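Asks: just need the structure, nothing else, for what follows:
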Amino acid sequence: MKIQKISAKSDFNALCAKLKVHKMGKKIMSEKKELHFFLIKEISLAAINILKQDALSCGAEVLSPENAILGGKELSTAVLIANEKQLKSLEKKEALQDFGLKELSKYLKLEFPNTKISPKPEIMGVLNITDDSFNPKSRVDEKSIANRASQMIESGAIWLDIGAASTHPDSVYIGVRAEFERVKSAVDILKSSNIAKKAKLSIDTFDENCAKYALENGITLLNDISANPVLAKIASEYGAKYCLMHGGIKGGSEPVNGDIIELVDEFFERKIKECENVGLKRENIILDIGIGFGKSHEQGLMLIKNLEHFLRFGCRLLVGASRKSIINAYHPSSVENRLAGTLFLHQKAIENGASIIRVHDSLEHAQLLALHSAYKTL
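Replies: Next comes the predicted model:
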(Lines give C-alpha, C1' and ligand atoms only; values in the text may rest on other atoms or scores of the structure.)
Protein backbone atom coordinates (compact mmCIF):
# COMPACT_ATOMS: atom_id res chain seq x y z
CA MET A 1 0.00 0.00 0.00
CA LYS A 2 1.25 3.44 -0.98
CA ILE A 3 -0.51 6.56 0.24
CA GLN A 4 -0.42 10.11 -1.08
CA LYS A 5 -2.29 13.12 0.27
CA ILE A 6 -3.71 14.82 -2.82
CA SER A 7 -5.18 18.28 -3.19
CA ALA A 8 -8.79 18.78 -2.15
CA LYS A 9 -9.01 20.89 -5.30
CA SER A 10 -8.19 17.96 -7.57
CA ASP A 11 -10.46 17.66 -10.59
CA PHE A 12 -13.28 15.37 -9.40
CA ASN A 13 -14.30 14.27 -12.89
CA ALA A 14 -10.70 13.45 -13.82
CA LEU A 15 -10.29 11.35 -10.66
CA CYS A 16 -13.49 9.43 -11.40
CA ALA A 17 -12.37 8.77 -14.97
CA LYS A 18 -8.96 7.55 -13.81
CA LEU A 19 -10.52 5.18 -11.26
CA LYS A 20 -13.30 4.12 -13.66
CA VAL A 21 -15.96 4.96 -11.09
CA HIS A 22 -19.51 3.84 -11.94
CA LYS A 23 -21.71 6.74 -13.11
CA MET A 24 -24.11 6.32 -10.18
CA GLY A 25 -21.25 6.28 -7.71
CA LYS A 26 -19.88 9.41 -9.35
CA LYS A 27 -23.25 11.13 -9.01
CA ILE A 28 -23.59 10.19 -5.34
CA MET A 29 -20.05 11.20 -4.43
CA SER A 30 -20.18 14.47 -6.37
CA GLU A 31 -22.66 15.75 -3.79
CA LYS A 32 -20.19 15.02 -0.98
CA LYS A 33 -16.96 16.30 -2.48
CA GLU A 34 -17.08 19.89 -1.24
CA LEU A 35 -18.12 21.69 1.93
CA HIS A 36 -20.09 24.93 1.69
CA PHE A 37 -20.11 27.63 4.36
CA PHE A 38 -23.08 29.95 4.93
CA LEU A 39 -23.02 32.92 7.30
CA ILE A 40 -26.55 33.39 8.65
CA LYS A 41 -27.19 36.74 10.33
CA GLU A 42 -30.18 37.93 12.35
CA ILE A 43 -31.29 34.39 13.19
CA SER A 44 -32.99 33.73 16.53
CA LEU A 45 -31.37 31.49 19.11
CA ALA A 46 -34.41 29.22 18.85
CA ALA A 47 -33.89 28.87 15.10
CA ILE A 48 -30.19 28.14 15.62
CA ASN A 49 -31.09 25.28 17.98
CA ILE A 50 -33.52 23.79 15.47
CA LEU A 51 -31.11 24.18 12.58
CA LYS A 52 -28.28 22.66 14.58
CA GLN A 53 -30.33 19.55 15.38
CA ASP A 54 -31.47 19.18 11.78
CA ALA A 55 -27.90 19.65 10.57
CA LEU A 56 -26.50 17.04 12.93
CA SER A 57 -29.18 14.58 11.85
CA CYS A 58 -27.84 14.61 8.30
CA GLY A 59 -24.14 14.94 9.11
CA ALA A 60 -23.76 18.70 8.70
CA GLU A 61 -22.71 21.20 11.37
CA VAL A 62 -23.61 24.63 12.67
CA LEU A 63 -21.18 27.00 14.38
CA SER A 64 -23.16 28.88 16.99
CA PRO A 65 -22.59 31.21 19.97
CA GLU A 66 -22.41 29.50 23.36
CA ASN A 67 -25.68 31.08 24.53
CA ALA A 68 -27.62 29.48 21.65
CA ILE A 69 -28.44 26.54 23.91
CA LEU A 70 -30.72 28.86 25.91
CA GLY A 71 -33.00 29.39 22.91
CA GLY A 72 -35.43 32.28 22.72
CA LYS A 73 -36.13 35.18 20.36
CA GLU A 74 -32.78 36.96 20.75
CA LEU A 75 -31.13 37.42 17.36
CA SER A 76 -27.61 36.19 16.72
CA THR A 77 -25.34 34.81 13.99
CA ALA A 78 -24.48 31.26 12.96
CA VAL A 79 -22.47 29.46 10.29
CA LEU A 80 -23.86 26.43 8.49
CA ILE A 81 -21.27 23.96 7.16
CA ALA A 82 -22.52 21.23 4.84
CA ASN A 83 -21.92 19.41 1.58
CA GLU A 84 -24.41 19.43 -1.27
CA LYS A 85 -26.13 16.21 -0.26
CA GLN A 86 -26.63 17.48 3.27
CA LEU A 87 -27.96 20.79 1.97
CA LYS A 88 -30.60 19.02 -0.09
CA SER A 89 -31.75 17.27 3.06
CA LEU A 90 -31.76 20.53 5.03
CA GLU A 91 -33.72 22.30 2.30
CA LYS A 92 -36.60 19.86 2.88
CA LYS A 93 -36.29 19.89 6.66
CA GLU A 94 -36.25 23.68 7.05
CA ALA A 95 -39.24 24.07 4.73
CA LEU A 96 -41.30 22.52 7.56
CA GLN A 97 -39.84 24.69 10.32
CA ASP A 98 -40.85 28.04 11.80
CA PHE A 99 -38.68 30.85 13.22
CA GLY A 100 -37.77 32.08 9.73
CA LEU A 101 -36.06 28.87 8.66
CA LYS A 102 -38.33 28.63 5.61
CA GLU A 103 -36.22 31.48 4.17
CA LEU A 104 -33.14 29.28 4.43
CA SER A 105 -35.00 26.49 2.67
CA LYS A 106 -36.02 28.88 -0.10
CA TYR A 107 -32.44 30.06 -0.55
CA LEU A 108 -31.07 26.51 -0.73
CA LYS A 109 -33.67 25.59 -3.35
CA LEU A 110 -33.65 28.65 -5.59
CA GLU A 111 -30.39 30.55 -5.18
CA PHE A 112 -27.68 28.23 -3.90
CA PRO A 113 -27.62 26.27 -7.21
CA ASN A 114 -26.61 29.46 -9.04
CA THR A 115 -23.49 29.86 -6.90
CA LYS A 116 -22.08 26.67 -8.40
CA ILE A 117 -22.25 28.01 -11.97
CA SER A 118 -19.33 30.14 -13.11
CA PRO A 119 -18.91 30.64 -16.89
CA LYS A 120 -15.49 30.31 -18.50
CA PRO A 121 -13.48 33.45 -17.63
CA GLU A 122 -12.76 35.99 -20.36
CA ILE A 123 -10.28 38.85 -20.61
CA MET A 124 -11.51 42.42 -21.16
CA GLY A 125 -8.74 44.71 -22.36
CA VAL A 126 -8.85 48.40 -21.43
CA LEU A 127 -8.59 51.10 -24.12
CA ASN A 128 -8.59 54.59 -22.60
CA ILE A 129 -8.87 57.51 -25.03
CA THR A 130 -7.84 59.88 -22.27
CA ASP A 131 -4.87 61.84 -21.07
CA ASP A 132 -5.47 61.36 -17.34
CA SER A 133 -6.24 57.67 -16.75
CA PHE A 134 -4.44 56.48 -13.64
CA ASN A 135 -2.38 53.98 -15.68
CA PRO A 136 -0.50 55.93 -18.38
CA LYS A 137 0.16 52.78 -20.41
CA SER A 138 -3.59 52.26 -20.91
CA ARG A 139 -3.94 55.56 -22.77
CA VAL A 140 -4.36 55.58 -26.55
CA ASP A 141 -5.16 58.18 -29.20
CA GLU A 142 -6.66 58.12 -32.69
CA LYS A 143 -3.37 57.02 -34.22
CA SER A 144 -2.71 54.13 -31.85
CA ILE A 145 -6.14 52.76 -30.86
CA ALA A 146 -6.59 50.30 -33.75
CA ASN A 147 -3.07 48.91 -33.36
CA ARG A 148 -3.42 48.60 -29.56
CA ALA A 149 -6.80 46.90 -29.98
CA SER A 150 -5.31 44.36 -32.42
CA GLN A 151 -2.40 43.68 -30.07
CA MET A 152 -4.74 43.02 -27.15
CA ILE A 153 -6.88 40.67 -29.23
CA GLU A 154 -3.83 38.77 -30.46
CA SER A 155 -2.58 38.37 -26.89
CA GLY A 156 -5.86 36.98 -25.56
CA ALA A 157 -8.49 39.69 -25.02
CA ILE A 158 -12.04 38.58 -25.80
CA TRP A 159 -13.52 41.97 -24.89
CA LEU A 160 -12.28 45.50 -25.45
CA ASP A 161 -13.60 48.21 -23.12
CA ILE A 162 -13.43 51.73 -24.58
CA GLY A 163 -13.32 54.63 -22.14
CA ALA A 164 -13.29 58.27 -23.23
CA ALA A 165 -13.45 59.89 -19.79
CA SER A 166 -11.52 58.93 -16.68
CA THR A 167 -13.74 57.59 -13.90
CA HIS A 168 -11.29 56.86 -11.09
CA PRO A 169 -12.42 58.45 -7.80
CA ASP A 170 -10.09 61.47 -8.06
CA SER A 171 -10.76 62.27 -11.73
CA VAL A 172 -12.51 65.36 -13.07
CA TYR A 173 -15.18 64.77 -15.73
CA ILE A 174 -14.34 66.36 -19.10
CA GLY A 175 -17.97 67.10 -20.01
CA VAL A 176 -20.51 65.44 -22.31
CA ARG A 177 -19.41 67.22 -25.50
CA ALA A 178 -15.74 66.34 -25.13
CA GLU A 179 -16.56 62.76 -24.17
CA PHE A 180 -18.87 62.33 -27.16
CA GLU A 181 -16.22 63.59 -29.58
CA ARG A 182 -13.72 61.07 -28.21
CA VAL A 183 -16.25 58.22 -28.25
CA LYS A 184 -17.33 58.96 -31.82
CA SER A 185 -13.75 59.09 -33.04
CA ALA A 186 -12.78 55.83 -31.32
CA VAL A 187 -15.91 53.94 -32.34
CA ASP A 188 -15.59 55.07 -35.96
CA ILE A 189 -11.96 53.95 -36.12
CA LEU A 190 -12.66 50.53 -34.58
CA LYS A 191 -15.64 50.06 -36.87
CA SER A 192 -13.67 50.88 -40.02
CA SER A 193 -10.83 48.63 -38.83
CA ASN A 194 -13.19 45.64 -38.50
CA ILE A 195 -12.10 45.22 -34.87
CA ALA A 196 -15.70 44.37 -33.93
CA LYS A 197 -15.40 41.18 -36.00
CA LYS A 198 -12.41 40.04 -33.95
CA ALA A 199 -13.57 40.89 -30.40
CA LYS A 200 -16.60 41.90 -28.40
CA LEU A 201 -16.68 45.65 -27.79
CA SER A 202 -17.77 47.53 -24.68
CA ILE A 203 -18.29 51.26 -24.08
CA ASP A 204 -17.44 52.60 -20.62
CA THR A 205 -19.74 55.61 -20.23
CA PHE A 206 -22.58 57.04 -18.17
CA ASP A 207 -23.66 59.50 -20.90
CA GLU A 208 -26.81 58.65 -22.87
CA ASN A 209 -25.67 60.10 -26.21
CA CYS A 210 -22.30 58.35 -26.05
CA ALA A 211 -24.05 55.09 -25.21
CA LYS A 212 -26.53 55.38 -28.09
CA TYR A 213 -23.88 56.24 -30.67
CA ALA A 214 -21.67 53.36 -29.57
CA LEU A 215 -24.51 50.83 -29.57
CA GLU A 216 -25.57 51.98 -33.04
CA ASN A 217 -22.08 51.31 -34.36
CA GLY A 218 -20.96 47.85 -33.30
CA ILE A 219 -20.66 48.05 -29.50
CA THR A 220 -22.48 45.21 -27.74
CA LEU A 221 -21.93 46.00 -24.05
CA LEU A 222 -22.74 49.17 -22.13
CA ASN A 223 -20.42 49.41 -19.12
CA ASP A 224 -22.07 51.92 -16.75
CA ILE A 225 -20.40 52.77 -13.45
CA SER A 226 -23.41 54.90 -12.48
CA ALA A 227 -25.84 51.93 -12.57
CA ASN A 228 -28.44 54.27 -14.05
CA PRO A 229 -31.70 52.53 -15.10
CA VAL A 230 -31.99 55.02 -17.96
CA LEU A 231 -28.86 53.55 -19.50
CA ALA A 232 -30.11 50.03 -18.73
CA LYS A 233 -33.20 50.89 -20.81
CA ILE A 234 -30.99 52.07 -23.66
CA ALA A 235 -29.06 48.79 -23.55
CA SER A 236 -32.35 46.90 -23.64
CA GLU A 237 -33.61 48.89 -26.63
CA TYR A 238 -30.46 48.07 -28.60
CA GLY A 239 -30.39 44.40 -27.54
CA ALA A 240 -27.06 44.94 -25.79
CA LYS A 241 -25.60 43.62 -22.57
CA TYR A 242 -25.38 45.96 -19.58
CA CYS A 243 -22.79 46.04 -16.79
CA LEU A 244 -23.60 47.92 -13.59
CA MET A 245 -21.13 48.75 -10.85
CA HIS A 246 -21.39 49.17 -7.11
CA GLY A 247 -19.80 52.39 -5.82
CA GLY A 248 -19.88 54.24 -9.13
CA ILE A 249 -19.44 57.96 -9.71
CA LYS A 250 -21.12 58.86 -6.42
CA GLY A 251 -19.02 56.46 -4.38
CA GLY A 252 -15.85 58.53 -4.43
CA SER A 253 -12.92 57.23 -2.47
CA GLU A 254 -14.63 57.23 0.92
CA PRO A 255 -15.52 53.69 2.06
CA VAL A 256 -19.05 52.81 3.06
CA ASN A 257 -19.83 51.66 6.59
CA GLY A 258 -21.30 48.27 7.41
CA ASP A 259 -21.13 44.70 6.16
CA ILE A 260 -19.80 45.18 2.62
CA ILE A 261 -21.15 41.83 1.37
CA GLU A 262 -24.61 42.71 2.63
CA LEU A 263 -24.48 46.26 1.24
CA VAL A 264 -23.37 45.19 -2.23
CA ASP A 265 -25.90 42.36 -2.23
CA GLU A 266 -28.75 44.75 -1.44
CA PHE A 267 -27.51 47.16 -4.11
CA PHE A 268 -27.36 44.46 -6.79
CA GLU A 269 -30.79 43.13 -5.88
CA ARG A 270 -32.31 46.60 -6.16
CA LYS A 271 -30.53 47.47 -9.39
CA ILE A 272 -31.36 44.17 -11.08
CA LYS A 273 -35.03 44.82 -10.41
CA GLU A 274 -34.70 48.32 -11.90
CA CYS A 275 -33.05 46.83 -14.99
CA GLU A 276 -35.74 44.21 -15.42
CA ASN A 277 -38.44 46.86 -14.96
CA VAL A 278 -37.12 48.73 -18.02
CA GLY A 279 -37.06 45.57 -20.15
CA LEU A 280 -33.52 44.27 -19.69
CA LYS A 281 -33.31 40.50 -19.34
CA ARG A 282 -31.29 39.15 -16.44
CA GLU A 283 -29.16 37.06 -18.80
CA ASN A 284 -27.87 40.33 -20.28
CA ILE A 285 -26.91 41.89 -16.94
CA ILE A 286 -23.30 41.82 -15.71
CA LEU A 287 -22.39 42.79 -12.14
CA ASP A 288 -19.20 44.67 -11.16
CA ILE A 289 -18.33 44.83 -7.44
CA GLY A 290 -16.46 48.09 -8.03
CA ILE A 291 -12.97 47.57 -6.61
CA GLY A 292 -11.66 50.99 -5.59
CA PHE A 293 -15.03 52.73 -5.69
CA GLY A 294 -16.64 53.67 -2.37
CA LYS A 295 -14.99 50.96 -0.32
CA SER A 296 -11.87 50.40 1.72
CA HIS A 297 -9.03 48.16 0.56
CA GLU A 298 -10.03 45.59 3.16
CA GLN A 299 -13.61 45.69 1.89
CA GLY A 300 -12.32 45.16 -1.65
CA LEU A 301 -10.42 42.04 -0.57
CA MET A 302 -13.47 40.81 1.30
CA LEU A 303 -15.59 41.14 -1.84
CA ILE A 304 -13.11 39.19 -3.96
CA LYS A 305 -12.78 36.48 -1.31
CA ASN A 306 -16.57 36.08 -1.06
CA LEU A 307 -17.39 36.76 -4.70
CA GLU A 308 -19.14 33.42 -5.04
CA HIS A 309 -22.05 34.80 -3.00
CA PHE A 310 -23.08 37.13 -5.83
CA LEU A 311 -23.45 34.27 -8.29
CA ARG A 312 -26.83 33.75 -6.62
CA PHE A 313 -28.26 36.42 -8.93
CA GLY A 314 -27.62 34.31 -12.02
CA CYS A 315 -25.56 37.10 -13.66
CA ARG A 316 -21.98 37.11 -14.90
CA LEU A 317 -19.53 38.82 -12.55
CA LEU A 318 -16.88 41.30 -13.69
CA VAL A 319 -13.86 42.23 -11.59
CA GLY A 320 -11.40 45.00 -12.44
CA ALA A 321 -8.57 45.32 -9.93
CA SER A 322 -5.87 45.94 -12.53
CA ARG A 323 -2.98 47.96 -11.04
CA LYS A 324 -5.32 49.69 -8.56
CA SER A 325 -4.40 51.24 -5.22
CA ILE A 326 -5.65 48.18 -3.33
CA ILE A 327 -2.31 46.61 -4.27
CA ASN A 328 -0.34 49.60 -3.05
CA ALA A 329 -2.19 49.45 0.29
CA TYR A 330 -0.65 46.06 1.11
CA HIS A 331 2.65 46.40 -0.74
CA PRO A 332 3.68 49.98 -1.50
CA SER A 333 4.32 50.26 -5.22
CA SER A 334 3.83 52.54 -8.19
CA VAL A 335 1.16 51.83 -10.82
CA GLU A 336 3.91 50.52 -13.12
CA ASN A 337 4.97 47.91 -10.55
CA ARG A 338 1.60 46.36 -9.65
CA LEU A 339 1.34 43.58 -12.21
CA ALA A 340 2.07 40.75 -9.74
CA GLY A 341 -0.56 42.02 -7.31
CA THR A 342 -3.02 42.40 -10.18
CA LEU A 343 -2.51 38.80 -11.27
CA PHE A 344 -3.00 37.55 -7.72
CA LEU A 345 -6.27 39.43 -7.21
CA HIS A 346 -7.64 38.38 -10.59
CA GLN A 347 -6.64 34.75 -10.04
CA LYS A 348 -8.60 34.74 -6.77
CA ALA A 349 -11.52 36.48 -8.45
CA ILE A 350 -11.63 33.78 -11.13
CA GLU A 351 -11.45 31.02 -8.53
CA ASN A 352 -14.38 32.62 -6.70
CA GLY A 353 -16.72 33.15 -9.63
CA ALA A 354 -15.61 36.05 -11.85
CA SER A 355 -16.07 35.36 -15.54
CA ILE A 356 -14.87 38.70 -16.95
CA ILE A 357 -11.57 40.22 -15.85
CA ARG A 358 -10.97 43.85 -16.89
CA VAL A 359 -7.24 44.26 -17.43
CA HIS A 360 -4.45 46.48 -18.76
CA ASP A 361 -2.15 43.52 -19.46
CA SER A 362 -3.88 41.01 -21.74
CA LEU A 363 -0.90 38.76 -22.53
CA GLU A 364 -0.02 38.16 -18.88
CA HIS A 365 -3.65 37.39 -18.07
CA ALA A 366 -3.92 35.01 -21.02
CA GLN A 367 -0.98 33.09 -19.51
CA LEU A 368 -2.74 33.13 -16.14
CA LEU A 369 -5.95 31.69 -17.62
CA ALA A 370 -4.06 29.02 -19.58
CA LEU A 371 -2.32 27.77 -16.45
CA HIS A 372 -5.48 28.09 -14.40
CA SER A 373 -7.34 25.87 -16.86
CA ALA A 374 -4.53 23.30 -16.99
CA TYR A 375 -4.24 23.23 -13.19
CA LYS A 376 -7.97 22.62 -12.75
CA THR A 377 -7.92 19.50 -14.91
CA LEU A 378 -5.30 17.68 -12.82
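Asks: C-alpha from now on. contacts and neighbour counts both.
Replies: OK.
Asks: how far away from the center of its chain is stretch 137-146?
Replies: Counting by C-alpha atoms, centre = their mean, to the nearest Å, stretch 137-146 is centred 28 Å from the centre of its parent chain.
Asks: oops, could you answer that again for stretch 291-308 instead?
Replies: 11 Å.
Asks: and that stretch, which residues are buried?
Replies: 291-297, 299-301, 303-305, 307-308 (16 or more other C-alpha atoms under 10 Å).
Asks: from residue 14, how far off is the nearest residue to residue 164 once chain neighbours are set aside?
Replies: Nearest in space to residue 164, with sequence neighbours left out and distances taken as C-alpha to C-alpha, 6 or more residues apart in numbering, is residue 129 at 4.8 Å. Using C-alpha to C-alpha, to the nearest Å, we find residue 129 at a distance of 46 Å from residue 14.
Asks: show me where this structure has strands.
Replies: Taking DSSP state E, the strands of the chain run over residues 35-44, 61-63, 75-83, 122-128, 159-163, 200-204, 221-224, 241-245, 285-288, 316-319, 356-359.
Asks: hang on, the earlier thing: give me the neighbour count for the residue nearest to residue 164.
Replies: For residue 129, the count of nearby residues is 24 (other C-alpha atoms under 10 Å).
Asks: for residue 290, same thing?
Replies: Residue 290: 22 neighbours (other C-alpha under 10 Å).
Asks: quick one, what contacts it?
Replies: 245, 246, 247, 248, 319, 320 (C-alpha atoms under 8 Å, 6 or more residues apart in numbering).
Asks: can you tell me how far it sits from residue 346?
Replies: On the measure of C-alpha to C-alpha, residue 290 and residue 346 end up 13 Å apart.
Asks: now the contacts of residue 290 as JSON lines including neighbour count?
Replies: Shown next, in JSON lines, are these (neighbours: other C-alpha atoms under 10 Å):
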{"residue": "245", "neighbour count": "25"}
{"residue": "246", "neighbour count": "24"}
{"residue": "247", "neighbour count": "26"}
{"residue": "248", "neighbour count": "24"}
{"residue": "319", "neighbour count": "26"}
{"residue": "320", "neighbour count": "23"}
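Asks: of these, closest to residue 10?
Replies: residue 319 (25.2 Å; C-alpha to C-alpha).
Asks: quick check: that closest one touching residue 300?
Replies: No - if you go by C-alpha atoms under 8 Å, residue 319 and residue 300 don't touch, sitting 10.5 Å apart.
Asks: overlap in contacts, those two.
Replies: In contact with both residue 319 and residue 300: residue 291, using C-alpha under 8 Å, 6+ apart.
Asks: out of the strands of the chain, which is closest to residue 189?
Replies: Closest among these, using C-alpha to C-alpha: strand 159-163, at 11.8 Å.
Asks: gap between residue 217 and residue 230?
Replies: 20 Å.
Asks: go on, residue 43?
Replies: 37 Å.
Asks: related to what we said a few turns ago, can you put the strands of the chain in CSV and add mean pLDDT and distance to residue 102?
Replies: As requested, the strands of the chain are arranged in CSV below (pLDDT from 0 to 100; distance: least, C-alpha to C-alpha, whole Å):
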stretch, mean pLDDT, distance to residue 102
strand 35-44, 93, 12
strand 61-63, 92, 17
strand 75-83, 93, 15
strand 122-128, 96, 37
strand 159-163, 95, 42
strand 200-204, 97, 41
strand 221-224, 98, 36
strand 241-245, 98, 31
strand 285-288, 98, 28
strand 316-319, 98, 28
strand 356-359, 98, 34
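Asks: out of those strands, the one nearest residue 151 is which?
Replies: It is, among those and with distance given as C-alpha to C-alpha, strand 122-128, at 10.0 Å.
Asks: shaky segments in the protein?
Replies: 5-7, 132, 169, 249-254 (pLDDT under 70).
Asks: which residue is nearest the centroid of it?
Replies: residue 317 (2.9 Å; C-alpha atoms, centre = their mean).
Asks: ranges for the helices of the stretch 1-150 of the chain?
Replies: 12-19, 23-30, 45-57, 84-94, 101-110, 145-154 (DSSP state H, counting those that start in this stretch).
Asks: for residue 274, which of the ones you listed is the nearest?
Replies: Using C-alpha to C-alpha, the nearest of the helices of the stretch 1-150 of the chain to residue 274 is helix 101-110, at 20.7 Å.
Asks: list the buried residues in the closest one.
Replies: 101, 102, 105, 108, 109.
Asks: can you get me a residue count around the residue lying closest to the fourth one once chain neighbours are set aside?
Replies: Excluding the flanking residues, the one nearest residue 108 by C-alpha to C-alpha, 6+ apart is residue 91, at 5.8 Å. Neighbour count of residue 91, defined by other C-alpha under 10 Å: 19.
Asks: what of residue 339?
Replies: With other C-alpha under 10 Å as criterion, residue 339 counts 17.
Asks: give the contact list for the closest residue to it other than its chain neighbours.
Replies: Nearest in space to residue 339, with sequence neighbours left out and distances taken as C-alpha to C-alpha, 6+ apart, is residue 323 at 6.3 Å. The neighbourhood of residue 323, defined by C-alpha under 8 Å, 6+ apart, consists of 135, 335, 336, 337, 338, 339, 341, 342, 360.
Asks: quick check: the gap between residue 323 and residue 214.
Replies: Relative to residue 214, and taking C-alpha to C-alpha, residue 323 is found at 27 Å.
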